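>>> coordinates for the following, if possible.
(one chain, ligands or ions: 1)
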Amino acid sequence: MKFGTKAIHAGLEPDPATGAIMTPIYQTSTYIQEEVGVHKGYEYSRTGNPTRSALEKNIAAIENGKFGAAFGSGLAAIDCVMKMLKPGDEVISTNDLYGGTYRIFKTIFEQYGIKFHFVAMGDVAGVEKIANEKTKLIWVETPTNPTMQIIDIKAMAKIAKANNAWLAVDNTFATPYLQTPLDLGADIVMHSATKYLGGHSDVVMGILVAKDETIANEIYRIQNSSGAVCGPMDSFLVLRGIKTLHIRMQQHCKNGKEIAEFLVGHPKVDTVYWPGLESHRNHNVAKEQMKDFGGMISFTLKGDKLDDALNIVKKLKIFALAESLGGVESLIGHPATMTHAAIPKEEREKSGVTDSLIRLSVGIEDAEDLLADLKQALN
Ligand SMILES: *Cc1c(COP(=O)(O)O)cnc(C)c1O
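Okay, the predicted model is just below:
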């Protein structure tokens with residue numbers, strides 16, 4: 001079955017009680033048992049809930065996996081993966097990680113004896129050198145935030161296999177419409193469903209998907225033991241979001257391309273970070289592992305002045321100033337003063353987060369209006 005058909009139908013059956021075509025929101029904590037141990041597959045909603053189960057099956061299908069697990073946030077999903085490790089284990093991770101991921105690794109799991117190596121994964125040989133018998137997990141985020149680097153998932157999978165480690169990929173930016181890491185050798189896919197999967201900026205949720213039953217059983221054991229699950233209402237919202245994921249992504253990509261090309265030709269713009277540009281340093285890897293290039297774009301201004309960037313952010317009318325991304329509406333962010341403000345200037349500039357760097361989450365409005373908004377703000 002093709003992507004759009006799966007997104008709309010996978011894991012979903014008409015409600016057995018009424019025939020309702022939409023999965024009901026089973027707003028219940030518990031389920032009546034006919035007699036001790038005799039039930040319909042559900043005992044308690046931390047362990048399992050029919051609305052959440054439908055979502056878990058649906059996301060597993062569109063990621064070409066077998067098992068899905070939904071959590072109360074993207075970070076709760078990451079927390080689950082980290083709990084599969086033991087003290088003394090080592091993790092090799094992308095160096096320009098999502099800030100919250102870096103924070104949970106450094107301030108929570110480091111103190112439980114897990115060692116993290118943060119490396120530039122564009123350098124495959126460098127990753128190979130660090131990997132050793134203690135390496136249990138390679139953590140990849142691609143495209144990265146905010147400079148949109150692309151990491152070669154197949155190359156990372158090879159290193160993971162050779163070292164008997166798992167490969168986990170944060171697929172939040174690309175979504176399964178653009179890339180399916182399990183097909184490229186990953187063991188676990190993670191999502192902040194808060195972003196493109198939900199797609200309407202109305203829910204916070206995390207997802208894990210796996211193919212291997214042993215890995216999935218560990219995920220389910222931790223999901224139930226730690227209890228960071230999402231509720232049935234949120235499960236319903238993300239299920240509904242996924243039904244239009246392919247259509248939304250097509251429009252995000254189309255608008256993204258128009259805006260990236262406009263920015264490249266603008267006299268005030270210095271560097272444009274968008275993996276669809278031939279000038280992008282990982283364009284070839286992006287072409288190989290992604291179906292299209294998405295709606296996340298970052299750019300810097302000539303002269304790299306903080307005030308110029310803040311002025312543009314202020315003048316934009318359609319692009320709204322906010323954290324987060326992946327919704328139908330266009331958002332703008334200024335990493336140096338927002339998401340990356342806690343990182344010392346010298347450190348953040350090393351990873352390209354300079355004073356004038358602006359990040360766009362291009363929505364699915366009409367491109368003409370978005371371009372006009374950027375034009376007036378830049379001038
Ligand atoms: C937002 C985000 C997360 C964290 O997800 P939450 O749902 O906010 O907990 C992780 N990774 C990436 C790439 C994100 O954008």
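>>> all strands for the chain, in order.
Assigned by DSSP state E, the strands in the chain fall at 67-71, 90-94, 115-119, 135-141, 166-170, 188-192, 206-210, 269-273, 296-301, 320-321, 331-333, 358-361.
>>> take these and lay them out in CSV including mean pLDDT and mean neighbour count.
Using the backbone N, CA and C atoms, a C-beta is placed for each residue, glycine as well. Putting the strands of the chain into CSV (pLDDT from 0 to 100; neighbours: other Cβ atoms under 10 Å) gives the following:
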stretch, mean pLDDT, mean neighbour count
strand 67-71, 98, 25
strand 90-94, 96, 23
strand 115-119, 96, 16
strand 135-141, 98, 24
strand 166-170, 98, 27
strand 188-192, 98, 28
strand 206-210, 98, 28
strand 269-273, 97, 19
strand 296-301, 97, 23
strand 320-321, 96, 14
strand 331-333, 96, 22
strand 358-361, 98, 26
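>>> got a pLDDT number for G256?
Note on G256: pLDDT of 98.
>>> what confidence value was assigned to G352?
Predicted confidence (pLDDT) for G352: 89.
>>> residues in contact with the closest residue to it other than its chain neighbours?
Excluding the flanking residues, the one nearest G352 by Cβ to Cβ, 6 or more residues apart in numbering is T147, at 4.2 Å. Shown in contact with T147 (Cβ atoms under 8 Å, 6 or more residues apart in numbering): 96, 273, 298, 351-353, 357.
>>> the ligand: which of the residues you listed is nearest?
Relative to the ligand, the closest of the contacts of T147 is D96; by Cβ to the nearest ligand atom it sits at 10.7 Å.
>>> could you give the number of residues near that closest one?
By other Cβ atoms under 10 Å, 22 other residues sit near D96.
>>> then I318?
I318 has 16 nearby residues by other Cβ under 10 Å.
>>> ok, now which ones touch it?
Applying Cβ under 8 Å, 6+ apart, the residues near I318 are 330, 365, 369-370, 373.
>>> same check, this time on D369
With Cβ under 8 Å, 6+ apart, D369 has these contacts: I318.
>>> now the closest residue to the ligand within the chain. Nearest residue, chain neighbours left out?
Using Cβ to the nearest ligand atom, the closest approach of the chain to the ligand is made by G74 at 2.2 Å. Computed as Cβ to Cβ, 6+ apart, the closest residue to G74 that is not its neighbour in sequence is S192, at 3.0 Å.
>>> repeat for Y102
F118 (7.7 Å).
>>> got it, and K315?
In space, K315 is closest to A377, 4.0 Å off (Cβ to Cβ, 6+ apart).
>>> I'd like to know how many residues surround the one you found.
Neighbours around A377, by other Cβ under 10 Å: 18.
>>> M1 now?
What M1 shows, counting by other Cβ under 10 Å, is a neighbour count of 10.
>>> tell me the contacts of it?
9-10.
>>> could you check how far it is from H9?
Going from M1 to H9 by Cβ to Cβ, to the nearest Å gives 8 Å.
>>> ok so, going back, need the strands of the chain in TSV with distance to N311, can you?
What follows is the strands of the chain, written out as TSV (distance: least, Cβ to Cβ, whole Å):
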stretch	distance to N311
strand 67-71	39
strand 90-94	32
strand 115-119	33
strand 135-141	31
strand 166-170	33
strand 188-192	30
strand 206-210	36
strand 269-273	14
strand 296-301	10
strand 320-321	12
strand 331-333	12
strand 358-361	11
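>>> phi and psi next, for the nearest residue to K257 once chain neighbours are set aside.
Among residues not flanking K257 along the chain, G276 sits closest, at 5.9 Å (Cβ to Cβ, 6+ apart). Backbone geometry at G276, expressed as degrees, to the nearest 10, gives phi -80, psi -10.
>>> Q33 reaches G41, doesn't it?
No - using Cβ atoms under 8 Å, Q33 is not in contact with G41, being 11.2 Å away.
>>> which of those two has more neighbours?
More neighbours surround Q33 than the other of Q33 and G41, with 12 against 8 (other Cβ under 10 Å).
>>> can you get me a residue count around the residue of the chain closest to the ligand?
For G74, using other Cβ under 10 Å, the count is 24.
>>> quick check: it touching G198?
No - using Cβ under 8 Å, G74 makes no contact with G198, being 10.7 Å away.
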